[in-house]
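Student: Would you be able to build a 3D model of this:
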Amino acid sequence: MSIRAKYAALDRQCRDFHQTHFTPSWLHPDKTRLYIWLGLIMAIIAIAANGHMRSWQFDRWQADPDIYFIDDMPSVSTADAGFFLATAKAIKTENSSDAFHQKRLFPNNLDRQDNPDNRLTKEQLLSVMIAYLAPDASNKALLESAHAMLPITAMITAVAIICLFGSAGFWWEGSIAALGGGLSFSYLSRSAVGRIDTDQLNLAFFYGVTALVLLAARIKSWRAAILASILAGSMNWLFSWWYSKDIFSWFFLGVLVWTGLMTHRDLKRTLAQAIIFILLSGTFVRTGGVAIDMFTNLNLEFGTLVFPNAFQTITELQVIPFTDLLRSITHYPAIGIFGIISLLIWVIFNPVIGMAMLPILGLGMLNFIFGNRVVFFAAPIVWFGVAWGLFALIRYLTSWFTRKYHTRKYQTDSHHARKYQTGSHHAPMPAFMARSSAMVMPITALILTALVYLNAYNPLTNPYLPIPSFSRDVLTGFAHLNSHIASRPNPKPAVIASWWDYGYIATFLSDMNSLHDGGAQVTPITHFVARALTANSQAETAAILTFLAEDGLDGLRSKSETAGALDAHFASFSGASKADIYLVLTHQMVPWMQAISQLGMWDATRGKPINIRPGDNRLEYQTIRCNDNSAPPHLICAGRRFDLTRGTIDQNPLMSRMVETRKGKIIAQRQYKRSQGLVMQAHDLGDATIQTHIMHPRLYQSSFNQLFYLGAENPLYFTLIDDRFPFYRIYKVKN
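Tutor: Predicted structure coming up:
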């Protein structure tokens, strides 16, 4: 017997075994008219609920504009929103994003020209859509148009999820997956109001393309299969235009090939479909992918220098525990565990489609490599498992009860027993029992739909309202910054220097160049901006910022070839610069200080942290609450007794300095005998608000603390041009 014949025989044996042991009738719902209509109702509920949640959120934002609006413009809830908005503004005004990119990472991109032919396909699809939907290029029009897309994209996502599981024959379960997955925290937090980012349609494209390749692989008609392959390839091309992670294309191709071969056993047909998909996708000829080392490496090399990886400090890239992962998907971990177990059982009963879809669950597990930003891909399929498990259980119980009823009738009714012996297999059920049995599944489906909605985030029982990524006051400062520099004599290029989170939105709101943004997280610029903020010399801070604005990455690269060359250059700082540099310091940077110091307190020559205590180089503002009944010089703060006369904490001489400020200016201070002890800062912020910090002396001496909290700028290096303390302060670097 040939190898091919042996394989065919083994294949038949496996199919027969599976057909005999793994296809009980209760696994599959009856495709009755009632099933179809109820599936349609459940789908409409899921689609409407997803759109309504985002609309409700925006209504709440509009009801409280003092928090959620910048002047008369809606705010944003992701730092990346500024990238897509600024790109859309450039496309709207110049048909190309080059003008925006030339302002980024100043001065590295001044001559950058990515799209000289103004081809829209070279731009981000999200930005193109915002540009074409906005009536004009004003910031307000762009923001409002971008927000108006969110309810629509949420509904499209629900449709795509339903279509994926529906194409496999599970429409009820697909509706539950769309409802639970679309309103889970893992996805809602990435597609809520203000979340102007590709995540709002990533799920739709991913599940939509998967649905099309499954349809193409399983459909019987050759012509219909070719048409479905064309649609799948075209959709994947759009997905790549929307979100250029071509690694997904290999997953889609694998689903097409696996499902096609297992369904039809026709190599020529599958090969033809795969070729069509590859050619129309247009993604397999590129070398794009995911650089895993960018997520896993703790340090990054640049010439002879070694820098810390900024990805280690980004919240959404942090690995979360498994129980928290489940909680973000199903709210209750037990529900998530039930969903995963049910899904694995479903794969056993449906091995062809199950093995094709199982990697989707694996995407959620990539949390342990790429952080929690990928968890939402797995949310719908976990909820599918929950729905399938419950529906299958109800169908099994109904079937079991029916069998029990018939068995009891056969045992007690001799007439029926004789019928059974002569070949009759069923006793008639009472009419009321037959009607009740037929209604079990529809009633279960409606109850489950209601329970999933009430369990998920919704306006009725579990409202979720995201807060803007940046405070209204800070964004207003960026929006008005251009007016402060419009009347400059002999103007130079103006560049904003701040922490990278602000880079995109600062450029969008101010139309100014930025020194640093999200696109430079894994470059040496991150370290040097952090070093400038944590430096204990304002001269060093000004020297670093001026060097970055003058020489950029090219200068860093050339100076990094010789050990100590950069430090020597900073020490010989002359103050001359071809650009006007505006250092923006904000109250939001206070909680970010741990990450900033972790990246800035670093010896790049040795590739090691500069520790302030054994094994730790992080600086932190530790906020303490003092008892209102205590009064200087003795304060009870955080349960400890502070003696401000002697500088003791619980009678231990731990303090080196105590500083009092009012409206960001020092009004009193005391120095104690311990020169390297802790520092207490008490800030009178007005309106009877006192903020008290305990900090390491290194943080007290940092340029950030001196400039932002104490307003103690050195006039040789900085000039205060906009003071909105305690929200932000903007300094111009002297040159």
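Student: Chain neighbours aside, what residue packs nearest to Trp242?
Tutor: Spatially, and ignoring its direct neighbours in sequence, Trp242 is nearest to Leu125 (4.5 Å; CB to CB, 6 or more residues apart in numbering). (Each C-beta comes from the backbone N, C-alpha and C, glycine too.)
Student: Going by secondary structure, His693 is in what exactly?
Tutor: Taking DSSP states H and E as the definition, one finds His693 inside strand 689-695.
Student: Could you list the buried residues of whichever helix or strand comes after that strand?
Tutor: Using DSSP H and E, the helix or strand that follows strand 689-695 in sequence is helix 697-701. For helix 697-701, the neighbour count (16 or more other CB atoms under 10 Å) marks 697-700 as buried.
Student: And helix 697-701, what does it pack against?
Tutor: Applying 3 or more CB pairs under 8 Å, 6 or more residues apart in numbering; DSSP states H and E, we find helix 697-701 packed against strand 655-662, strand 678-686.
Student: Could you check the angle the longest one makes with strand 689-695?
Tutor: Using axes from the mean of the first three to the mean of the last three CA atoms, to 10 degrees, the inter-axis angle of strand 678-686 relative to strand 689-695 is 160 degrees.
Student: Closest to Leu454 out of the buried residues of helix 697-701?
Tutor: Leu699 (46.5 Å; CB to CB).
Student: where does this structure have low pLDDT?
Tutor: For the chain, the stretches flagged by pLDDT under 70 are 1-30, 285-298, 311, 313-318, 364-372, 402-438, 486-490, 561-563, 575.
Student: Can you show me the helices along the stretch 251-400 of the chain?
Tutor: 267-281, 292-296, 322-330, 333-349, 351-365, 367-370, 379-412 (DSSP state H, counting those that start in this stretch).
Student: Dump these to a markdown table, plus mean neighbour count and distance to Thr121.
Tutor: As requested, the helices of the stretch 251-400 of the chain are arranged in a markdown table below (neighbours: other CB atoms under 10 Å; distance: least, CB to CB, whole Å):
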| stretch | mean neighbour count | distance to Thr121 |
| --- | --- | --- |
| helix 267-281 | 18 | 14 |
| helix 292-296 | 13 | 26 |
| helix 322-330 | 20 | 35 |
| helix 333-349 | 18 | 37 |
| helix 351-365 | 18 | 27 |
| helix 367-370 | 17 | 27 |
| helix 379-412 | 19 | 29 |
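Student: Distance to Ile156 added to these, as CSV?
Tutor: Formatted as CSV, these follow (distance: least, CB to CB, whole Å):
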stretch, distance to Ile156
helix 267-281, 20
helix 292-296, 29
helix 322-330, 21
helix 333-349, 24
helix 351-365, 18
helix 367-370, 25
helix 379-412, 14
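Student: Mind checking those for the one nearest to Ala43?
Tutor: Comparing the helices of the stretch 251-400 of the chain against Ala43 with CB to CB, the closest turns out to be helix 379-412 (12.7 Å).
Student: Grab the most central residue of this structure for me.
Tutor: The centroid of the chain falls nearest to Arg373 when counting by CA atoms, centre = their mean (4.5 Å).
Student: ok, back up a step: tell me which of the helices and strands packed on helix 697-701 lies nearest to Tyr396.
Tutor: Proximity to Tyr396, assessed across those by CB to CB, is greatest for strand 678-686 (63.5 Å).
Student: and the residue nearest to Leu716 when sequence neighbours are not counted, what does it touch?
Tutor: For Leu716, ignoring the flanking residues on the chain, the nearest one in space by CB to CB, 6+ apart is Lys734 at 6.5 Å. By CB atoms under 8 Å, 6 or more residues apart in numbering, Lys734 lies in contact with 542, 575, 715-719.
Student: Can you show me the strands along the stretch 401-550 of the chain?
Tutor: Taking DSSP state E, counting those that start in this stretch to define them, one finds strands in the stretch 401-550 of the chain at 494-497, 513-514.
Student: closest to Gly336 out of those?
Tutor: Between Gly336 and the strands of the stretch 401-550 of the chain, the tightest spacing by CB to CB is seen for strand 513-514, at 40.7 Å.
Student: Mind listing residues that contact the closest one?
Tutor: 103-107, 493-496, 498, 502-504, 506-507, 579.
Student: and if you look at stretch 49-58?
Tutor: 74, 147, 150-152, 154-155, 157-158, 178-179, 182-183, 188, 191-193, 453, 457-459, 463-466.
Student: Stretch 631-639 now?
Tutor: Residues outside stretch 631-639 that contact it (CB under 8 Å, 6+ apart): 624-627, 629-630, 641-645, 692.
Student: do you know how far the residue nearest to the centre of the chain is from Lys673?
Tutor: In this view, Arg373 and Lys673 are 50 Å apart by CB to CB, to the nearest Å.
Student: for Ala543, same thing?
Tutor: For Ala543, the distance to Lys673 (CB to CB) stands at 34 Å.
Student: In terms of neighbours, single out the busier of the two.
Tutor: When neighbours are counted by other CB atoms under 10 Å, Ala543 and Lys673 differ, and Ala543 comes out ahead with 24 against 10.
Student: For burial, what's the neighbour tally of Asp59?
Tutor: Look at Asp59: counted by other CB under 10 Å, it has 11 neighbours.
Student: isn't there a helix covering it?
Tutor: Yes - when DSSP: H, G, I helix; E, B strand; the rest coil is applied, Asp59 is found to be in a helix.
Student: For Leu465, see how far away it is.
Tutor: In terms of CB to CB, Asp59 sits 10 Å off from Leu465.
Student: picking up where we left off before, any chance of the buried residues of helix 697-701 in a markdown table, plus distance to Phe391?
Tutor: As requested, these are exported to a markdown table (distance: CB to CB, whole Å):
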| residue | distance to Phe391 |
| --- | --- |
| Pro697 | 64 |
| Arg698 | 60 |
| Leu699 | 57 |
| Tyr700 | 62 |
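Student: what about the strands of the stretch 401-550 of the chain, which gets the closest to Gln681?
Tutor: strand 494-497 (24.1 Å).
Student: Neighbouring strands of that closest one in the sheet, and parallel or not?
Tutor: Using DSSP bridges, the strands paired with strand 494-497 are strand 513-514 (parallel), strand 580-586 (parallel).
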